[in-house]
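Peer 1: I'll drop the sequence and a predicted model, then ask my questions.
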Amino acid sequence: MTFLRSRWFLRPLMIMAALVLFAACASAPPATPKIAIKLAENAWTGSSVNVNVAKILLEEQLGYKVDLVTIDENAQWAALASGDLSATLEVWPSGHADHIKQYIETQKVVENLGPLGVVGKISWYVPTYMVEQRPELATWEGIKANADLFKTAETGTKGQFLTGDPSWVQYDSDIIKNLGLNLQVVQSGSEQAVLAALDAAYSRKAPMLFYFWTPHSVHAKYKLTPVTLPEYSDACYANAKAGSVSCDYPKDVLFKAVWSGLKEKAPDAYALLKAMSYSNSDQIGMIADAELNSKTNEQAARAWVDAHKDVWQTWVPKK
């Protein structure tokens, strides 16, 4: 009888405990759905492989939906400020001093998320076969004395300085004017057009002077020599908007920038992007995979992710 009474006494307590637990679960707020992450994809391969690496990891490791948004590097700042973009992963600071001051330092609506790990450099280049024949062409003074070498039907009596997309950060017209070079800037329209012109020049061992940068896969394909311009200084660029630039482009420690609300709305995504960092050789390998090995940018990023788990695992926040 004592045993039976104990069972009848415990049953109501168990039912009450179950009801309390059910009520607690029912009253718990539902899990907040993850926001969609929108990453800026700028008009060069390095930017694209960066965001594709991030997309793979944010989706597969943290469960986010990620959209890649094709956008000009200048237009992206207002979109970051408003939250229409979550992040951009390759800012070249030398071309965005005004944006950095306005959006990051003054308004504080965009956050500098730290270096990507890649160091970039815009330069003037000539094919190395030209320098092997005429070493002076590795300097701006040599270019000045031999501008006729670069004349084309389009530029007439002036030598051609070839560049690509008009939206790129460029001070070449100012440099040419301020150094007194008899050159004319010709915009081919795109990175691909510059590379096609370089292919054609190399096939004929023809003269060519052009704007390009590192890191890029072209340096794995061709021997190129950067032209030595007057050394970069902050003073040289102090009045860049007034057309005063007469020196080389600076080395750029590339950095990531995010919408200021990302840390609150998606703290784990924010943490992953903040930790994301790899070397020039990592990025050049992906770029070369895409541009020289016929992979898409997404496939190149996937190959890197598959081969470098030891690197990106450290970016993923612990649960």
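Peer 2: On my side now, so go ahead. Residues are numbered from 1 along each chain as shown.
Peer 1: ok, F161 to L89 distance?
Peer 2: Counting by CB to CB, to the nearest Å, the separation of F161 from L89 is 30 Å. Bear in mind the C-beta positions are built from the backbone N, C-alpha and C, glycine included.
Peer 1: To clarify, my last question referred to A301.
Peer 2: A301 is 12 Å from L89, where distance means CB to CB.
Peer 1: cool, and I37?
Peer 2: If you measure I37 against L89 using CB to CB, the figure is 12 Å.
Peer 1: ditto for P250
Peer 2: As defined by CB to CB, P250 lies at a distance of 20 Å from L89.
Peer 1: Settle it for me: which of the two has more neighbours?
Peer 2: L89 (26 against 19; other CB atoms under 10 Å).
Peer 1: So the more buried one belongs to a strand, correct?
Peer 2: Yes: when the secondary structure is assigned by DSSP: H, G, I helix; E, B strand; the rest coil, L89 falls within a strand.
Peer 1: who touches the residue nearest to K274 when sequence neighbours are not counted in this structure?
Peer 2: Leaving out its chain neighbours, the residue that sits closest to K274 by CB to CB, 6 or more residues apart in numbering is L113, at 5.1 Å. Shown in contact with L113 (CB atoms under 8 Å, 6 or more residues apart in numbering): A87, F255, K256, A257, V258, Y270, L273, K274.
Peer 1: if you set the cut-off to 7 Å instead, what comes out?
Peer 2: When the contact criterion is CB atoms under 7 Å, 6 or more residues apart in numbering, the partners of L113 are K256, A257, V258, L273, K274.
Peer 1: Name the helix or strand for it, please.
Peer 2: Element membership of L113, judged by DSSP states H and E, is strand 110-127.
Peer 1: Packing partners of whichever helix or strand comes after that strand?
Peer 2: Tracing the chain past strand 110-127, the next element assigned as helix or strand by DSSP H and E is helix 128-133. Helix 128-133 is packed against strand 224-226, with contacts defined by 3 or more CB pairs under 7 Å, 6 or more residues apart in numbering; DSSP states H and E.
Peer 1: quick one: the strand it packs on to chain centroid distance?
Peer 2: On the basis of CA atoms, centre = their mean, to the nearest Å, strand 224-226 is displaced by 22 Å from the centre of the chain it belongs to.
Peer 1: what do you get for stretch 267-287?
Peer 2: 10 Å.
Peer 1: got the buried residues for the helix or strand containing L254?
Peer 2: Secondary structure from DSSP H and E places L254 in strand 251-259. Along strand 251-259, the positions that meet the burial threshold by neighbour count (16 or more other CB atoms under 10 Å) are D252, V253, L254, F255, K256, A257, V258, W259.
Peer 1: State the mean pLDDT of the next helix or strand after that strand.
Peer 2: Tracing the chain C-terminally past strand 251-259 and defining elements by DSSP H and E, one meets helix 262-265 next. Mean pLDDT, taken over the full extent of helix 262-265, equals 98.
Peer 1: what does stretch 58-69 give?
Peer 2: 98.
Peer 1: and if you look at stretch 303-312?
Peer 2: Stretch 303-312 carries an average pLDDT of 98.
Peer 1: Contact partners for the nearest residue to K221 once chain neighbours are set aside?
Peer 2: Closest residue in space to K221, ignoring its immediate chain neighbours: L292 at 6.4 Å, by CB to CB, 6+ apart. Counting by CB under 7 Å, 6+ apart, L292 makes contact with S217, A220, K221.
Peer 1: Kindly report the same for G180.
Peer 2: Neighbours of G180 in contact, by CB under 7 Å, 6+ apart: K144.
Peer 1: Retrieve the pLDDT associated with it.
Peer 2: G180 carries a pLDDT score of 98 in this model.
Peer 1: And for P226?
Peer 2: pLDDT, the model's per-residue confidence, is 97 for P226.
Peer 1: same question, T32
Peer 2: 74.
Peer 1: How about R5?
Peer 2: Per-residue confidence at R5 stands at 42 (pLDDT).
Peer 1: Spatially, and excluding backbone neighbours, which residue is closest to D84.
Peer 2: The spatial neighbour of D84 that comes closest, neighbours along the chain excluded (CB to CB, 6+ apart), is K38 at 7.0 Å.
Peer 1: hang on, the one you found is in a strand, isn't it?
Peer 2: Yes: secondary structure assignment (three-state DSSP) places K38 inside a strand.
Peer 1: Contacts only, for it.
Peer 2: The neighbours of K38, taking CB under 7 Å, 6+ apart as the test, are D67, V69, L85, S86.
Peer 1: And the residue most central in space within the chain, how close does it get to I175?
Peer 2: By CA atoms, centre = their mean, the mean C-alpha position of the chain lies nearest to E90, the distance being 2.3 Å. When distances are taken as CB to CB, E90 and I175 turn out to be 24 Å apart.
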